[in-house]
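Engineer: okay, sequence plus prediction incoming.
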Amino acid sequence: MPDISRRTVLGAGVALVLGRAWPARAQAGVRQVFVGTFTDASGQQVPPYFGPRDTAARRGVHTFTFDTSTGRAGDISLAAELSNPFNLTMHSSGRLLYACRWPTQVDGENLITAFAVEGAALRELNTVRSGGNGPTVGVVDRAGTNLLTTNFVTSSIVCYRLHADGSLGERTAHIGGGPARGGARGAPAPHTPPPERRCPRPRAQRDPPAG
């Protein structure tokens with residue numbers, strides 16, 4: 001892969017998570033860090049409001065070690081190659097990772113991909129549709145059996161049941177808007193002021209009858 005620095009990847013990264021249960025080395029305080037990046041592997045463009053980015057060197061989720069006691073970071077490597085892992089969520093066990101992928105789409109919906117964390121590598125488990133556009137801000141419940149995330153573009157909250165191996169199961173809840181097809185469904189409607197109404201003058205102010 002191209003020779004890229006930590007600064008380059010972090011400058012293009014949009015999410016960063018620590019692998020808690022998979023320390024990169026035996027020494028205390030060293031953790032594996034995963035960084036989601038915008039890519040051009042799918043041929044889709046980085047959203048313009050994130051500014052111009054050279055995405056040629058980014059190929060998916062990248063990783064490096066981080067020593068919490070010294071603040072030193074290790075060398076960058078590629079953990080998993082996929083398009084646009086926009087935001088990352090770590091399972092409470094630290095052994096699973098979920099990547100919200102945007103702007104990559106299938107039939108108007110963005111994607112969420114589940115991975116098993118195997119040291120510095122990620123093994124893909126499965127991919128599901130996010131139920132809308134702009135999936136981000138995910139969380140796994142304390143029991144480790146459900147993933148909740150938001151589709152901020154289409155204003156919805158979705159919940160997915162997790163299988164025993166951590167892969168994504170059925171979508172058990174969808175609150176709010178749906179996929180944006182020709183416009184952001186679920187977004188608030190534009191405000192339209194009511195038509196002007198003319199109130200009649202009080203009786204005492206009306207003109208006297210003619211004659």
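Structural biologist: Yes, it's here.
Engineer: hang on, residue 110 is in a strand, isn't it?
Structural biologist: Yes - Residue 110: assigned to a strand according to DSSP: H, G, I helix; E, B strand; the rest coil.
Engineer: pLDDT score assigned to it?
Structural biologist: The predicted local confidence for residue 110 comes out at a pLDDT of 94.
Engineer: now do residue 202
Structural biologist: pLDDT, the model's per-residue confidence, is 53 for residue 202.
Engineer: now residue 26
Structural biologist: pLDDT, residue 26: 44.
Engineer: and the contacts of the helix or strand where residue 169 lies?
Structural biologist: Using DSSP states H and E, residue 169 sits in strand 168-176. Contacts with strand 168-176, where a contact means Cβ atoms under 8 Å, 6 or more residues apart in numbering, come from 98, 112, 114, 125-128, 131-132, 146-147, 151, 154-163, 186. (C-beta placed from N, C-alpha, C; glycine too.)
Engineer: for that strand, give the mean pLDDT please.
Structural biologist: Averaging pLDDT along strand 168-176 gives 96.
Engineer: over to stretch 93-102?
Structural biologist: Averaged across stretch 93-102, the pLDDT comes to 94.
Engineer: cool, and stretch 34-47?
Structural biologist: Model confidence over stretch 34-47 averages 68 on the pLDDT scale.
Engineer: quick check: closest non-adjacent residue to residue 116.
Structural biologist: Leaving aside its sequence neighbours, residue 116 sits nearest to residue 123 (Cβ to Cβ, 6 or more residues apart in numbering; 4.5 Å).
Engineer: OK, contacts around that neighbour?
Structural biologist: 80, 115-116.
Engineer: out of those residues, which are inside strands?
Structural biologist: Using DSSP state E, the subset of these located in strands is 80, 115-116.
Engineer: by neighbours, which of those residues wins?
Structural biologist: residue 115 (26 neighbours; other Cβ atoms under 10 Å).
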